[in-house]
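A.B. asks: my questions concern the predicted model and sequence given below.
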Amino acid sequence: MSLAETEDPVATGAAYAAPPDRRTVRLTLSAVAVTLLFASLGQTIVSTALPIMVADLGGMDRLTWVITAYLLASTIAAPVSGKLGDMYGRKAVLQVSIGVFVVGAVVCGIAGTMTQVIVGRAIQGAGGGALIVTSMAVVGDLLPARERGAAQGIMGAAFGVSTVIGPLMGGFIVQTVGWHWIFFVNLPVGAVAFVVLGMALPRRLSREKRRVDYLGAAMLASLLSVIVLLPNAEAKGGLMALGALALAGFVLAEMRAAEPILPLGLFRNNSFVVVNLVGILVGAAMFGTITFLPLFLQIVKGVSPTASGLFLVPMMAGLIGASMVSGKLMARTGRYKLMPVLSTGVLALAMLGLTQMGVDMALWVIGLLMVLVGLGLGPVFSIGVAAIQNAIPASQMGVGTASANMFRLIGGSVGTAGFGALFSVGLAARLSGVLPNADQGLSSIGARTVAALPPETQARVMDGFAEALHPVFWLAAGAAAVACVASMALRELPLGERA
């Protein structure tokens, strides 16, 4: 029996008076899957609209911040919401988070500048990060360890579906009613999710007064902000000093806190450390792919925004299939260590293939490589969360689950910001002698701009775009290879069969 199975259920975020029946479990899991789908849509619907938004508002140099602002806020919200869910129940955290997410969507929808969009995306990210983490923690509340892999596979499938539907919806909406409406579609979906959660989730039974670790949360938020902002910062020395102070303050705060926001003892847990290290590396590879592939397809291959979103379908098909199959294998055999090792190896090979992308690469080859990317990602998501939940006490279910999302988002944030900076520098270097006034022109360059160029210049610009992306995917391949090696250090623990 694992330590997680010895805890009082009232101490957990679910706070069930008695183990729920199977019908309640199915209803609740369906509700949180819908919520996860809703939150994930907000994260992915923007990708195919980015080139149009940049052409409309200007600011190619800030393109990645539309993604990075969301990821940064999600990263900060993850541990805070996980801890609050452990303390006050999942239902309240989920419903408040829906409200925050919708407010951010409205800010983006009425935005007239890239700065306003970035602010709205940060608000959205805070709500979305909390929704994703808390939804996954509900699985740990409801199911025994042996069944969690399959359930997390279903959650991963919901995330995967959103990553397919999101870019497609984004591309369709941009081409029909305008990019502002990709944010307004969140309003009715958020209202439905709010009502369904109110019906499906239990109310919190315990009214015990709890002490929130505000200082630890503030120090952790500062530290995470420094980590994400550092790749694009000009004054790196000052920011690194601030990060060192935030780290020291966080450690001291957690050592003294009655209920730490992220207990330091978790960093002595093998599953916690290995899974989250792998999550950082895989997150960088994943978000780098999602951010830059539509840009490549639209500008270099001349694909429409909607069609560029279709190229994420193969990735998600692979992700959904691998996630669900690995979860079922985990439930059937009780073994799980080998799957992340194999999948991250496949991911590294896929990223190596993407380093060869160019004007002449066939679209079907890109689609095949995206299938391999999905196969590499799926088991990491479903097995990783289940492995952490199996290795920690039930009273830390929320914060442990949140850590998996937090570290993956750290990887995504740092990876997207770092890859964006690398891409921008490489693009400027390759096009400086090709485009007139390149320094000014790069901020608003888009598919239409490229199509209007003379044929010879157009060919050189497309080659420059493709070549500027190669270093991005070389780094992503290296990150996936390191993740494969790190996965070998995971210690496989027996999986409990009781809730």
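C.D. replies: Looks like it arrived, so ask away.

A.B. asks: so where does the residue nearest to residue 389 when sequence neighbours are not counted fall, helix or strand?
C.D. replies: Leaving aside its sequence neighbours, residue 389 sits nearest to residue 140 (C-beta to C-beta, 6 or more residues apart in numbering; 4.3 Å). Just so you know, the C-beta spots here come from the backbone N, C-alpha and C atoms, and that holds for glycine as well. Here residue 140 sits within helix 114-142, counting by DSSP states H and E.

A.B. asks: tell me which residues of that helix come out buried.
C.D. replies: 114, 117-142 (16 or more other C-beta atoms under 10 Å).

A.B. asks: following it, which helix or strand shows up next?
C.D. replies: Downstream of helix 114-142 (by DSSP H and E), the next one is helix 145-176.

A.B. asks: what element comes up after that next one heading to the C-terminus?
C.D. replies: helix 181-184.

A.B. asks: the inter-axis angle of the very next helix or strand once past that next one versus helix 114-142?
C.D. replies: The C-terminal neighbour of helix 181-184 among helices and strands, as given by DSSP H and E, is helix 186-200. Angle, helix 186-200 to helix 114-142, by axes from the mean of the first three to the mean of the last three C-alpha atoms, to 10 degrees: 20 degrees.

A.B. asks: other SSEs contacting helix 186-200?
C.D. replies: In terms of contacts (3 or more C-beta pairs under 8 Å, 6 or more residues apart in numbering; DSSP states H and E), helix 186-200 is packed against helix 22-44, helix 90-109.

A.B. asks: 10 Å instead?
C.D. replies: Helix 186-200 sits against helix 22-44, helix 90-109, helix 114-142, with contacts defined as 3 or more C-beta pairs under 10 Å, 6 or more residues apart in numbering; DSSP states H and E.

A.B. asks: in the next helix or strand after that helix, which residues are buried?
C.D. replies: Sequence order places helix 214-229 as the next helix or strand after helix 186-200, per DSSP H and E. Buried residues in helix 214-229, defined by neighbour count with 16+ other C-beta under 10 Å: 215-229.

A.B. asks: circling back: got a markdown table for the helices and strands packed on helix 186-200, with distance to residue 279 too?
C.D. replies: Shown next, in a markdown table, are the helices and strands packed on helix 186-200 (distance: least, C-beta to C-beta, whole Å):
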| stretch | distance to residue 279 |
| --- | --- |
| helix 22-44 | 16 |
| helix 90-109 | 21 |
| helix 114-142 | 13 |
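
A.B. asks: save those helices as CSV, and put in mean pLDDT too.
C.D. replies: Listed next are the helices and strands packed on helix 186-200 as CSV, based on pLDDT from 0 to 100:
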stretch, mean pLDDT
helix 22-44, 76
helix 90-109, 88
helix 114-142, 85
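
A.B. asks: domains for the chain, by residue range?
C.D. replies: 19-202+259-487, 213-258 (automatic domain parsing).

A.B. asks: who are the packing partners of the helix or strand hosting residue 457?
C.D. replies: For residue 457, the host element (DSSP H and E) is helix 455-487. Applying 3+ C-beta pairs under 10 Å, 6+ apart, one finds that helix 455-487 makes contact with helix 270-299, helix 338-354, helix 363-391, helix 397-431, helix 447-451.

A.B. asks: as JSON lines, those helices with mean neighbour count would be great.
C.D. replies: Shown next, in JSON lines, are those (neighbours: other C-beta atoms under 10 Å):
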{"stretch": "helix 270-299", "mean neighbour count": "25"}
{"stretch": "helix 338-354", "mean neighbour count": "23"}
{"stretch": "helix 363-391", "mean neighbour count": "25"}
{"stretch": "helix 397-431", "mean neighbour count": "24"}
{"stretch": "helix 447-451", "mean neighbour count": "16"}
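
A.B. asks: which residues touch the closest residue to residue 290 other than its chain neighbours?
C.D. replies: Take residue 290 and drop its neighbours on the chain: the residue closest to it by C-beta to C-beta, 6+ apart is residue 47, 5.7 Å away. Neighbour list for residue 47: 66-67, 163, 166-167, 170-171, 287, 290-295, 305, 308-309, 312 [criterion: C-beta atoms under 10 Å, 6 or more residues apart in numbering].

A.B. asks: my read: residue 152 touches residue 143, true?
C.D. replies: Yes - proximity of residue 152 to residue 143 meets the contact threshold set by C-beta atoms under 10 Å, at 9.3 Å.

A.B. asks: for the stretch 151-300 of the chain, which spans come out with low pLDDT?
C.D. replies: By pLDDT under 70, the weakly predicted segments of the stretch 151-300 of the chain are 156, 159-160, 163-164, 202-210, 231-234.

A.B. asks: try 50 this time
C.D. replies: By pLDDT under 50, the stretch 151-300 of the chain has no low-scoring segment.

A.B. asks: next: the stretch 351-499 of the chain.
C.D. replies: 439-441, 498-499.

A.B. asks: thinking again about what came up before, looking at the helices and strands packed on helix 186-200, which is closest to residue 51?
C.D. replies: helix 114-142 (13.0 Å; C-beta to C-beta).

A.B. asks: mind checking which of the helices and strands packed on helix 455-487 is nearest residue 71?
C.D. replies: Closest among these, using C-beta to C-beta: helix 397-431, at 4.0 Å.

A.B. asks: and the angle from that closest one to helix 214-229?
C.D. replies: 20 degrees.

A.B. asks: remind me what helix 397-431 packs against, helices and strands.
C.D. replies: By 3+ C-beta pairs under 10 Å, 6+ apart, helix 397-431 packs against helix 63-88, helix 90-109, helix 114-142, helix 214-229, helix 270-299, helix 363-391, helix 438-441, helix 455-487.

A.B. asks: what do you get if the cut-off is 6 Å, keeping everything else the same?
C.D. replies: If you count contacts as 3 or more C-beta pairs under 6 Å, 6 or more residues apart in numbering; DSSP states H and E, helix 397-431 packs onto helix 63-88, helix 114-142, helix 270-299, helix 363-391, helix 455-487.

A.B. asks: how about the longest one: buried residues?
C.D. replies: Read that as helix 455-487. 458, 460-466, 468-470, 472-473, 475-484, 486-487.

A.B. asks: need the domains of the chain in CSV (columns: distance to residue 493).
C.D. replies: Output for these, formatted as CSV (distance: least, C-beta to C-beta, whole Å):
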stretch, distance to residue 493
domain 19-202+259-487, 6
domain 213-258, 25
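
A.B. asks: okay, residue 212 and residue 415: tell me how far apart.
C.D. replies: In this view, residue 212 and residue 415 are 31 Å apart by C-beta to C-beta, to the nearest Å.

A.B. asks: I'd assumed residue 168 was in contact with residue 41.
C.D. replies: No - with contact defined as C-beta atoms under 6 Å, residue 41 does not count as touching residue 168 (10.7 Å).

A.B. asks: now the residue nearest the centre of the chain, nearest residue through space, not along the chain?
C.D. replies: Centroid-nearest residue in the chain, with C-alpha atoms, centre = their mean: residue 409, separated by 5.1 Å. In space, and not counting its chain neighbours, residue 409 is closest to residue 75: 4.1 Å by C-beta to C-beta, 6+ apart.

A.B. asks: which residues touch that neighbour?
C.D. replies: Going by C-beta atoms under 6 Å, 6 or more residues apart in numbering, residue 75 touches 224, 406, 409-410, 413.

A.B. asks: just flag the most distant two among these.
C.D. replies: 406 and 413 (10.2 Å).

A.B. asks: roughly how far does residue 495 sit from residue 279?
C.D. replies: 20 Å.

A.B. asks: thinking again about what came up before, which one of the helices and strands packed on helix 186-200 lies nearest to residue 238?
C.D. replies: Using C-beta to C-beta, those put helix 114-142 closest to residue 238, at 21.9 Å.
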